[in-house]
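Asks: Provided below are the primary sequence and the corresponding predicted coordinates.
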Amino acid sequence: MKKVSVIGAGNVGASTVQRLAEREVGDIVMLDIVPGLPQGKALDIMQAAPLMGYDSNIKGTNDYVDIEGSDIVIITAGIARKPGMTREDLLKINGKIIKEVCDNIRLYAPKSIIITVTNPLDIITYEVYHCTGFDKKRVFGMSGLLDSSRFAYFIAQEIGCSVKDIDAMVLGGHGDSMVPLPQYTTVSGIPISEFLSQETVDRIVRRTIDAGAEIVNLLKEGSAFYAPSAAIVSMVDAIINDSGRVLPASVYLEGEYGFHDICMGVPVKLGKNGIEKVIELKLKQEQLIALSKSEKSIRSGIEKLNLDIYKKAFLV
Ligand code: APR
């Protein structure tokens, strides 16, 4: 029986717990800083179990002791983006929250695999990697999978075909600098160029890049959580079932795609131990340039985090 802990019982955290419970993944812990919030939501989701027919066990808590021995920890704690706010604006607030979360994961769940969700995603993933000192295989961010799902949805809508037949790939930073890859995106193996004009593809690429902001602007308060929680649960499934799924994730790079000491979205193979392999694709010149832009924007955020003390802590 696996134990999965979700840090943060807000929109993303709670909908992730709901999806995990419905899939009966194992023991689930939902932790939040607000007293009563995770307990109340856990109770609510459990009271749906007789109706939906799942035998899951959810514990809502404000105490990190309860995450002890977790196999997987999902970090959604932090504040969500407000209209007009970029993911980078979030850095200052969320960066501080994440340090505290990492200290506790190190203490109570030192063998866990961590999936980061809190934005700005790539920068936070880098922070978690350094602040926990975990092996790079066990720390990665959920971003590209969500971006790819958004890309796939828009393509299916445009073509008028089933979303089930779309395989889409998006690399780079989660944010304005993401790099959708139309040449690696197919409809049942058929390149999308057989269905859509270049102009249409360009328009869908643009909408994909802006997809998170489009939802933020519509909601007025808070950001997306249905699709993000679906992407998180797909990653949890891949780990628990050791399925070796190939999907994009934000991972710590040491030379792949020519980048060092940075976390960024790339295709990976995901299994029971976490990231089994980073897959290096041939990219077009303009996509390599876009990836470099992504790198610059992530690196400038990393510099603001002031992580030197953590890096030194793990060197000794
Ligand atoms: N420890 C634990 N939980 C915390 C802490 C903390 N130090 N600080 C804040 N939280 C909790 C809040 O109490 C809240 O319940 O994190 C939760 C965040 O939930 P929401 O505000 O609903 O945000 P959500 O939409 O879930 O997004 C969470 O995921 O997609 C990203 O950009 C998004 O960074 C954001 C994160």
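Replies: Now that the structure is in, tell me what you want to look at.
Asks: How are the helices of this structure distributed by residue range?
Replies: With DSSP state H as the definition, the chain shows helices at residue ranges 11-22, 37-47, 49-52, 91-108, 121-132, 144-159, 198-209, 211-219, 226-240, 285-305, 308-315.
Asks: and the residue in the stretch 101-250 of the chain that the ligand sits nearest to, what pLDDT?
Replies: Across the stretch 101-250 of the chain, the shortest distance to the ligand (CB to the nearest ligand atom) belongs to residue 119, at 3.5 Å. Placement of C-beta: from N, CA and C, glycine included. Looking at residue 119, its pLDDT reads 91.
Asks: ok so, going back, out of the helices of the chain, flag the one nearest residue 115.
Replies: Comparing the helices of the chain by their distance to residue 115 (CB to CB), the top pick is helix 226-240, with 5.7 Å.
Asks: And the contacts of the closest one?
Replies: Helix 226-240 is contacted from outside by 2, 4, 12, 15-16, 18-20, 23, 25-26, 71-72, 74, 113, 115, 117, 142, 145-146, 149-150, 243-245, 247, 249, 270-272, 274, using CB atoms under 8 Å, 6 or more residues apart in numbering.
Asks: cool, stretch 47-63 as well?
Replies: Taking contacts as CB under 8 Å, 6+ apart, the residues outside stretch 47-63 that touch it are 9, 17-18, 20-35, 37-43, 45-46, 66.
Asks: do that again at 10 Å, thanks
Replies: Applying CB atoms under 10 Å, 6 or more residues apart in numbering, the contact partners of stretch 47-63 are 1, 3, 5-6, 9, 14, 17-18, 20-46, 66-67, 104, 108.
Asks: Would you agree the residue of the stretch 101-250 of the chain closest to the ligand is in contact with residue 77?
Replies: No. Residue 119 is not in contact with residue 77 according to CB atoms under 10 Å; the separation is 11.4 Å.
Asks: Can you tell me the closest non-neighbouring residue to the residue in the chain positioned nearest to the ligand?
Replies: For the chain and the ligand, the shortest gap (CB to the nearest ligand atom) falls at residue 10, measuring 1.6 Å. The shortest distance from residue 10 to any residue that is not its chain neighbour, by CB to CB, 6 or more residues apart in numbering, is 6.6 Å, and that residue is residue 76.
Asks: And for that neighbour, the neighbour number?
Replies: Burial of residue 76 is recorded as 30 neighbouring residues (other CB atoms under 10 Å).
Asks: cool, and residue 56?
Replies: Counted with other CB under 10 Å, residues neighbouring residue 56 total 19.
Asks: same check, this time on residue 233
Replies: Taking other CB under 10 Å as the neighbour definition, residue 233 ends up with a count of 22.
Asks: Could you do residue 136 as well?
Replies: Residue 136: 15 surrounding residues under other CB under 10 Å.
Asks: Residue 152 and residue 107, how far apart?
Replies: Summarising the geometry, the distance separating residue 152 from residue 107, computed by CB to CB, to the nearest Å, is 39 Å.
Asks: What of residue 234?
Replies: With the distance defined as CB to CB, residue 234 ends up 29 Å from residue 107.
Asks: Show me how the chain divides into domains.
Replies: Residue ranges of the domains in the chain are recorded as 2-141, 144-302, according to automatic domain parsing.
Asks: Would you work out how far apart the start and end of the first one are?
Replies: End-to-end span of domain 2-141 (CA to CA, to the nearest Å): 20 Å.
Asks: Please state the offset of that domain from the chain centre?
Replies: Averaged C-alpha coordinates place domain 2-141 at 11 Å from its chain's average position (CA atoms, centre = their mean, to the nearest Å).
Asks: Pull out the buried residues from stretch 100-119.
Replies: Judged by neighbour count using 16 or more other CB atoms under 10 Å, the buried positions of stretch 100-119 are 101-102, 104-105, 108-109, 112-119.
Asks: go on, stretch 273-287?
Replies: By neighbour count on 16+ other CB under 10 Å, the buried set for stretch 273-287 is 274-275, 278, 283, 287.
Asks: Also stretch 287-305?
Replies: Under 16+ other CB under 10 Å, the buried positions of stretch 287-305 are 287, 290-291, 294-295, 297-299, 301-302, 305.
Asks: do stretch 179-189 as well
Replies: Buried-residue list, stretch 179-189, by 16+ other CB under 10 Å: 179-182, 184-187.
Asks: Next, the contact list for residue 2, please.
Replies: Contacts here follow CB under 10 Å, 6+ apart; on that basis residue 2 touches 20, 25-28, 70-72, 236, 239-240, 272.
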